[in-house]
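Enquirer: My questions are about this predicted structure, shown below with the sequence.
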Amino acid sequence: MQIPPPALRGSSVAPRNDNVISFVVPAHNEEAYIGDTLRILRASAEELGEPFEIIVVDDASTDRTAELARATGAIVHAVDRRQIAAVRNAGAGVARGDVLIFVDADTHVNAETMRQTMRALAGGAVGGGARFRFESGPRWSHALGAIVGLLMRRLSWAAGCYVFARRADFEAVGGFDERYFATEEIVLSRALKRRGRMTIVPEPVVTSGRKAHLHGAGELWRLTFSFLTRGRSVLRTRKALRFWYDGRR
């Protein structure tokens, strides 16, 4: 059951409701994906049977992202940041739920992933994520995704396409670190692990393979080399992270 949307005015914070699950979907020019993502998200949440809200944080889109989101019944909160950590934090700031679930605009989440998420939290986890698989993409991207996914499960780091946390723990660590333009989900995961257990649930989410289609292996390796030679400073500027911020969709 979706709860009625609040009136969002400026930066005001919506009233909290401990019994609500808040899904936060950051979006910039996502008209090609947002409709299907939100319809699947809503259907899965309704199957779960818990009160919920879906908040799309529209980050300076110039296409029909906001229009399509509203058509599915989602709450749309507009920002102009062009930084994923800040956009996710903005969504958490207006969310009403005690449970925060961050879902990428090109990612499909089924009801079983949500059920496992709620069981993990009920069992004492402070947060976590899910396994993931790519819907499409070249063969190398699936192999790389499998390796990265295994590493992140071993380290209990949530993949950015699906991250969940108890609000109290999320706020206690300061939310997503806005100094970072990428890997902010890993920084958050490490911070949450200092407060308690992180759980990566086994039921996967399905995310698009568009980055592999659009950028190719060469650009990914150039980014990796840049990180290895320059360190974390690469992750603190949009200019060096065209892989995420060049606007291609």
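Expert: That came in fine, so what should we check first? Residues are numbered from 1 along each chain as shown.

Enquirer: Show me where the chain has its helices.
Expert: Here the chain has its helices, by DSSP state H, at 34-48, 65-71, 84-94, 111-122, 139-155, 167-172, 184-193, 210-230, 242-245.

Enquirer: Now do the residue nearest to residue 127 when sequence neighbours are not counted against residue 129, distance only.
Expert: Nearest non-adjacent residue to residue 127, counting by C-beta to C-beta, 6 or more residues apart in numbering: residue 165, 3.4 Å away. Bear in mind the C-beta positions are built from the backbone N, C-alpha and C, glycine included. For residue 165, the distance to residue 129 equals 10 Å [C-beta to C-beta, to the nearest Å].

Enquirer: Over to residue 34?
Expert: Applying C-beta to C-beta, the value for residue 34 to residue 129 is 21 Å.

Enquirer: and if you look at residue 188?
Expert: From residue 188 to residue 129 the distance is 10 Å (C-beta to C-beta).

Enquirer: pLDDT weak spots in the chain?
Expert: Residues of the chain that meet the criterion pLDDT under 70 lie in 4-15, 17-18, 137, 140-142, 209-231, 234, 238-249.

Enquirer: Swap in 80 and give it another go.
Expert: For the chain, applying pLDDT under 80 flags the ranges 1-18, 135-145, 209-249.

Enquirer: Using PDB, list the CA coordinates for stretch 19-27.
Expert: Provided in PDB are the C-alpha atoms of stretch 19-27 (Å, rounded to 0.1, in the frame of the first residue of the first chain):
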ATOM      1  CA  ASN A  19       6.300   1.800   9.400                       C
ATOM      2  CA  VAL A  20       7.000   3.000   5.900                       C
ATOM      3  CA  ILE A  21       9.600   1.800   3.400                       C
ATOM      4  CA  SER A  22      11.000   4.700   1.300                       C
ATOM      5  CA  PHE A  23      12.400   3.800  -2.100                       C
ATOM      6  CA  VAL A  24      14.700   6.600  -3.400                       C
ATOM      7  CA  VAL A  25      15.400   6.600  -7.200                       C
ATOM      8  CA  PRO A  26      18.000   9.200  -8.400                       C
ATOM      9  CA  ALA A  27      17.400  10.200 -12.000                       C
END
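
Enquirer: Buried residues in that stretch, which are they?
Expert: 20, 21, 22, 23, 24, 25, 26, 27 (16 or more other C-beta atoms under 10 Å).

Enquirer: Compare residue 188 and residue 129 (neighbour count), which wins?
Expert: residue 129 (30 against 27; other C-beta atoms under 10 Å).

Enquirer: follow-up on the earlier one: need the overlap of contacts for residue 188 and residue 129.
Expert: 158, 163 (C-beta atoms under 8 Å, 6 or more residues apart in numbering).

Enquirer: can you tell me which residues contact residue 41?
Expert: Residues near residue 41 by C-beta under 8 Å, 6+ apart: 23, 25, 54, 103, 108, 109.

Enquirer: Out of the residues you listed, which is nearest to residue 143?
Expert: The closest of the contacts of residue 41 to residue 143 turns out to be residue 108 (C-beta to C-beta; 21.3 Å).

Enquirer: Quick check: bridge partners of that closest one?
Expert: residue 206 (DSSP bridges).

Enquirer: dump the residue contacts of it.
Expert: Contacts of residue 108 by C-beta under 8 Å, 6+ apart are 36, 37, 40, 41, 135, 205, 206, 207.

Enquirer: any idea how far residue 87 is from the residue nearest to residue 127?
Expert: Per C-beta to C-beta, residue 165 is found 16 Å from residue 87.

Enquirer: I'd like to know how far residue 84 sits from residue 36.
Expert: Distance, residue 84 to residue 36, using C-beta to C-beta: 21 Å.

Enquirer: try residue 87
Expert: 20 Å.

Enquirer: Looking at the two, which is more packed in?
Expert: Higher neighbour count among residue 87 and residue 36: residue 87, with 25 against 14, using other C-beta under 10 Å.
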